[in-house]
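Novice: fold the stuff below for me.
(chains A and B)
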Amino acid sequence: MDSLIARADALGPPRKGKHNLKSQNGTKIKPENTAHDPTLASVSANTRVPKSLSNNLDTDVKERKKAARTGRYGHIQDLKLRAHLSKMDQGHKEWQEKMKDVEMLNVGESGGLQAEGELERTWKVTQAEIKSAVSLEDAQSRAEWKLDGGPYACRYSRNGRHVAIAGRKGHVATFDWQTATIHAELQLKETCRDITFLQDHTMFAVAQAKYVFMYDINGVELHRLSSHTEPTRLEYLPYHFLLTSVSQSGFLKYQDISTGQTIVEHRTKLGTCRTMCQNPWNAVIHLGHQNGTVTLWTPNSSTPHVRLLAHMGEVTGVAVDGSSSGRYMATSGADGRVKVWDCRNWKGCLRQWNVRTHPTSGVRGAQLDWSQNGMLAVGSASGVNIFKQPVITSYHAPLANPPLYMTHPTPRSHIASLRFVPHRDLLAVSHSSTSTSPGAVSHDHFISTIIIPGSGNPNYDTTEGGDPNEGGKGRREREVRSLLEKLEPGTITMDPEMLGGMREASKVDETLVHRKQSRLQRLKETGKADESEVPGDEEAEDEENASGPLDKKRKKKMRGKDRSMKRYLRKKRKNVIDVATVSIRAKLDKQRQEIKKARESAAKKAAGEDVTERKSALDRFKV
Amino acid sequence: MKISLLQHATASTSTGSGPPPVQRNLDPLVHPLSRARERKRALNASKMERMFSKPFVAAFEGHEDAVCSMERIRGQLGCIASAGFDGRIIVHSLSRRDTIQAIHGAHKGKTSGLAMASGDRLLSASHDASIKLWNLRLPNTDDENDPLDLESMGNDDREDRMRVDEPPPTDPDTPVMVYQGKVPFNSIHHHRHLPHFATASNGVHVWDETKSAPITNLTFGGSAETVDVVRFNMTEASVLASVGSDRSMCLYDVRTGKAEKRVIMQMRSNSLAWSPTMPSVLLLASEDHNLYTFDIRSLSTPTQIYKGHVSAVISCDWSPTGTEFVSGGWDRTVRIWKEGDGNGKEGQLYHSKRMQRVLTTLYTMDARFVLSGSDDGNVRLWKAHAHERLGVLDTRERNSLEYREALKQRWKYDEEIGKVLRSRPTPKAIRTAAQLKRTMLDAAAEKEDRRRKHSRRGETNPKAERKKVVVVTQD
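Specialist: Take a look at the predicted model:
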């Protein structure tokens, strides 16, 4: 029985002495070297090892165990929990290490303009100069299409290959602009206000005079969404399969295009809305209203999450920066201002400046769009101006124009929409000019693509639908995958990282009996809860150090708080005087005095006064 | 002025019938809503797990009455022997799903225990007060490359497989040896390496294979209670444990021939199993619907209580890995438990319409399957992991399986995903019984709370559940 008990921990950590095996005739047997198994290495050249095995190969078990003992979770008694937590921690650290190398994997090269001399300015470069400097193929992407049928709305597919345009008078077309093949061309003979592609270029939706209509790649009408009446703007949320429209009556509607179900209709109560954009990072819809407010909507709340008075007139343009995880928003208004906002803090805009408007010819405010690399295009009466980060997103109090990156004049014309082409250094500008020759007024409408070096992200991801050369097979496969991963409309939140986080601790009900309390509460009551604070990782510590004086104050407040004694006093009834409470009160008083004294002396020291105390004759009796 | 435009990495185009080319950009900014999408993938993975959970593999007929004991055949991964109340002993082939050998009328009355003896021989103990030693007629292992190849079931060429190379030396339907006792035997277990075996009847007896009378009688302090189950420890082979009808669990040392320790519990135990990897860990299946693991170094409290059955637990067996075990109950269910998971949230619950009271359960040596023998006279084969895919996996499939497992592990604390992962199809009878049991336990606890509230402080302190189990430990 004793030998059994001695063997009880057979699976414990092997001790060094155990390895010195002795054979029957007394000679020592050398333990076999088990660290490296050559058979595993022999196959690894010719086959892919499953992940579970390869993980075991490259990390040493001993090191992992040591890390668990000494790491940030070393204080945890439960061995399994400790091992699990430290394994997760280790994995996170490895991931962080590997993410540093991710940059190297992105082999595509970004474009750019670089001034070579002191006197050169990037904004002086014209499209003609760029065209002559780049390759023939790239130069061809600078184009100008003259169309008739009203100012045009245009939209690119997610891989930047296909474009959909909708003229105000009903001319709708989708085409592949690289090979110049038209997919569909329709003359709808009614007002078309907006157009958007759906999950890929094979379907698109048009905001027409009365309703929203869906068409397939050949221009065949698939659906009439009659619940979306008099739509003005459309947005498509690709991960949720939601088509959103905002109408002249001020309704924001969400419709699931995979099931056809209308998810929710929000009444904005702010009248006709002509400006809408989505935040690609968290799928929140931003609306700009006639009274100058910008509101942020999700399907989960019938009131806006944010209501912001951005301008003194109508809001004419809203755009959200996708390159900075949806952190910055730009708005433009009929008051002739462009403002850049930080979406985490709505106290005031980061930067604002004036643009030229021309109210008599209908140019009341600017049009906006952010590129994939964080460039902001502002289209006003004078033309298109491009600004680069970080000058527009850093705080700047006076009303001064930020330094330009590029500019493209479109004289005497009105810009209807601006769209950067994904994964390309291109910007599509839809503008219309009015020329008055004696006796006749003629309107010319253009869609011109201008080259903006450095605006696009060269490294696309196939799984996100960014591949410009995607074939039919890949597209279909991706469609199936994205349908499987379709997100619920309920998961749209302002903070997309909220999912999978910890829920806030519920209020503790102290009247409950021990048996009915929560586990944490019970552990706390029995003194078994692990209340030691986990030493934070470097990032968190950095953040703490960088935080302002407010945080410091709070931190100070916590220090010196003897929780256990205070809790004890709190639990004891105040009118009962016994030895224990008296002594604890005295102890706490003493502590408080000491802290006060120390603080005073520190303050004196800081003020340059002498801190040495005058000695008293009674000091010798002090303990 | 330097002017440059962006350059994509390569102009990759899909050619031929191969998979479309893939280019990844791992920058998190390119993947918005990645956390929500990962959660969705985890939810899909957990739903797939439930969808593919079809654990039942096969049923083996042959017994005319309840099956009450089973034994793994040594050296044969795909073979087990079963015995029942009808006195038959049948050796089943799990891979072929047929009978290798059937001994009709092996005993008159219930064959209560089977144990592998040295060599290809099987011991059977019975209520007819006899123990018999049988020669097994096993298939030649050289012919069978993959003994538990359940996938190749379709193409069976019977004549080829059923051939027996040479006639056995003796008639397989007559025992090699008969050991006659005076009282019915309840259980039998063989020593790990010596030619000894122990039986449970009105006491614990240790026998030598070559002798017709027991060599040792083991009792604790002269108690004359009936002993139900007896098991040798596999690591420290001379230690023996038994459970008896006097609610006791007793430990003996065969070398000294003395009983070492005894524990009296609140309710009697029906079965007993030593952990194959932790030599000091012992599993008891108790009449009070629970299973208990004990560390024999401190027998006063169990290390873990496993609650879930809604009726008495009749049998239990450890997985060869020692991380899981299987139990069969009077409530007509087979349950698989993860070691340390006391409420069985991560385990499995198997049932079928026709399966009656489960009297015996067994893990196969590869830890992938469990067997149950029940009152309806069938032996059933189940997968140990209900959603496991049988058959060969290629690397891509295996990787995606591993990814799905990792996703489930990571997101199991999510409310919705956890709900899917924990859901087990439960027959209505079990569900109502569980609800009734819950109500009764809650009422009892409530009553206890009230009583405590109205009694003097410190007089009735709550007692931990684990400390209620053992009545007394004796040395």
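Novice: show the average pLDDT along stretch A:214-234.
Specialist: What stretch A:214-234 shows for mean pLDDT is 96.
Novice: which residues belonging to that stretch are considered buried?
Specialist: Buried residues in stretch A:214-234, counted by 16 or more other C-beta atoms under 10 Å in any protein chain shown: A:214, A:215, A:219, A:223, A:225, A:228, A:229, A:230, A:231, A:232, A:233, A:234. To be clear about C-beta, it is placed using only N, CA and C from the backbone, and glycine gets the same treatment.
Novice: secondary structure class of the first one, three-state.
Specialist: Spelled out, that is residue A:214. At residue A:214 the chain is in strand, as set by DSSP: H, G, I helix; E, B strand; the rest coil.
Novice: contact partners for it?
Specialist: A:198, A:203, A:204, A:205, A:221, A:222, A:223, A:224, A:225, A:257 (C-beta atoms under 8 Å, 6 or more residues apart in numbering or on different chains).
Novice: distance of the closest residue to the fourth one other than its chain neighbours from chain B?
Specialist: Read it as residue A:205. The spatially closest residue to residue A:205, leaving aside those adjacent along the chain, is residue A:214, at 4.9 Å (C-beta to C-beta, 6 or more residues apart in numbering or on different chains). Separation of residue A:214 from chain B (C-beta to the nearest C-beta, to the nearest Å): 24 Å.
Novice: repeat that for residue A:378.
Specialist: Distance of residue A:378 to chain B, given as C-beta to the nearest C-beta: 22 Å.
Novice: and that residue, how far from residue A:111?
Specialist: Distance of residue A:378 to residue A:111, given as C-beta to C-beta, to the nearest Å: 20 Å.
Novice: again with residue A:597
Specialist: Residue A:597 is 65 Å from residue A:111, by C-beta to C-beta.
Novice: please say which of those two ends up with more neighbours.
Specialist: The neighbour comparison of residue A:597 against residue A:111 (other C-beta atoms under 10 Å in any protein chain shown) goes to residue A:111, with 21 against 11.
Novice: strands of the stretch 1-150 of chain B, start to end?
Specialist: Secondary structure of the stretch 1-150 of chain B, counting by DSSP state E, counting those that start in this stretch: strands at B:2-4, B:56-60, B:67-72, B:79-84, B:89-93, B:98-103, B:111-116, B:121-126, B:130-135.
Novice: among those strands, which comes closest to residue B:351?
Specialist: strand B:56-60 (9.7 Å; C-beta to C-beta).
Novice: helix/strand/coil for residue B:179?
Specialist: strand.
Novice: state the phi and psi torsions of residue A:481.
Specialist: phi -60, psi -40 (degrees, to the nearest 10).
Novice: right, and it touches residue A:463 too?
Specialist: Yes. Assessed by C-beta atoms under 8 Å, residue A:481 is found in contact with residue A:463 at 7.5 Å.
Novice: more neighbours: these two, which one.
Specialist: Between residue A:481 and residue A:463, residue A:463 has the larger neighbour count (other C-beta under 10 Å), namely 19 against 12.
Novice: identify the residues contacting that one.
Specialist: Contacts of residue A:463 (C-beta under 8 Å, 6+ apart): A:478, A:481, B:22, B:24.
Novice: what about the residue most central in space within chain B, distance to residue B:319?
Specialist: Against the mean C-alpha coordinate of chain B, by C-alpha atoms, centre = their mean, the closest residue is residue B:326 at 2.7 Å. Per C-beta to C-beta, residue B:326 is found 7 Å from residue B:319.
Novice: list residues touching both of those two?
Specialist: B:363, B:384.
Novice: one step back: would you format the contacts of residue A:214 as a markdown table with secondary structure and distance to residue A:240 included?
Specialist: Below are these laid out as a markdown table (DSSP: H, G, I helix; E, B strand; the rest coil; distance: C-beta to C-beta, whole Å):
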| residue | secondary structure | distance to residue A:240 |
| --- | --- | --- |
| A:198 | coil | 12 |
| A:203 | strand | 16 |
| A:204 | strand | 18 |
| A:205 | strand | 15 |
| A:221 | strand | 24 |
| A:222 | strand | 19 |
| A:223 | strand | 18 |
| A:224 | strand | 22 |
| A:225 | strand | 16 |
| A:257 | coil | 10 |
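Novice: between those residues, which is nearest residue B:87?
Specialist: For these, the minimum distance to residue B:87 (C-beta to C-beta) is 68.9 Å, reached by residue A:257.
Novice: that closest one against residue A:244, yeah?
Specialist: No. The criterion here is C-beta under 8 Å, and residue A:257 misses it with residue A:244 at 10.6 Å.
Novice: partner residues bridging residue A:286?
Specialist: Beta bridges link residue A:286 to residue A:277, residue A:296 when assigned by DSSP bridges.
Novice: what separation is there between the closest residue to residue B:208 other than its chain neighbours and residue A:283?
Specialist: Setting aside the residues directly before and after it, residue B:208 is nearest to residue B:215 in space (C-beta to C-beta, 6+ apart), at 5.2 Å. For residue B:215, the distance to residue A:283 (C-beta to C-beta) stands at 79 Å.
Novice: and those two? Which one has more around it.
Specialist: residue A:283 (26 against 12).
Novice: secondary structure element for residue A:523?
Specialist: Assigning secondary structure by DSSP states H and E places residue A:523 in helix A:519-525.
Novice: pLDDT of that helix, averaged?
Specialist: Averaged across helix A:519-525, the pLDDT comes to 83.
Novice: do the same with stretch A:577-597
Specialist: 85.
Novice: and that stretch, how far from the chain's centre?
Specialist: Centroid separation between stretch A:577-597 and its chain, computed with C-alpha atoms, centre = their mean, to the nearest Å, is 50 Å.
Novice: give me the buried positions along that stretch.
Specialist: Buried positions in stretch A:577-597, judged by neighbour count with 16+ other C-beta under 10 Å: residue A:584.
Novice: mind listing what residue A:183 touches?
Specialist: Residue A:183 makes contacts with A:162, A:174, A:175, A:176, A:201, A:217, A:218, A:219, as judged by C-beta under 8 Å, 6+ apart.
Novice: residues near the closest residue to residue B:218 other than its chain neighbours, how many?
Specialist: Nearest residue to residue B:218 in three dimensions, chain neighbours excluded: residue B:204, at 4.2 Å (C-beta to C-beta, 6+ apart). Here the number of neighbours of residue B:204 (other C-beta under 10 Å) works out to 25.
Novice: wait, residue B:204 touches residue B:188, no?
Specialist: No. In this structure residue B:204 lies outside contact range of residue B:188 using C-beta under 8 Å: 10.9 Å.
Novice: list residues touching both of those two?
Specialist: Joint contacts of residue B:204 and residue B:188 (C-beta under 8 Å, 6+ apart) are B:198, B:230.
Novice: more crowded one of residue A:257 and residue A:244?
Specialist: Taking neighbours as other C-beta under 10 Å, residue A:257 and residue A:244 compare with residue A:244 leading, 27 against 20.
Novice: quick one: that one and residue A:228, what's the gap?
Specialist: As for residue A:244, its distance to residue A:228 is 9 Å (criterion: C-beta to C-beta).
Novice: just residue A:495 next, same as before
Specialist: 29 Å.
Novice: same deal with residue B:352?
Specialist: For residue B:352, the distance to residue A:228 - C-beta to C-beta - is 53 Å.
Novice: confidence score at residue 92?
Specialist: Using chain A. Per-residue pLDDT puts residue A:92 at 88.
Novice: that's the other chain; I wanted chain B
Specialist: 96.
Novice: quick one, what contacts residue A:357?
Specialist: Contact analysis of residue A:357 by C-beta under 8 Å, 6+ apart lists A:334, A:336, A:363, A:364, A:365, A:366, A:380, A:381.
Novice: any weak-confidence spans in the chain?
Specialist: Since you didn't name a chain, this refers to chain A. Scanning chain A for pLDDT under 70 picks out the ranges A:8-60, A:361-362, A:532-563, A:571-575, A:611-613, A:623.
Novice: chain B was what I was after
Specialist: B:10-17, B:141-170.
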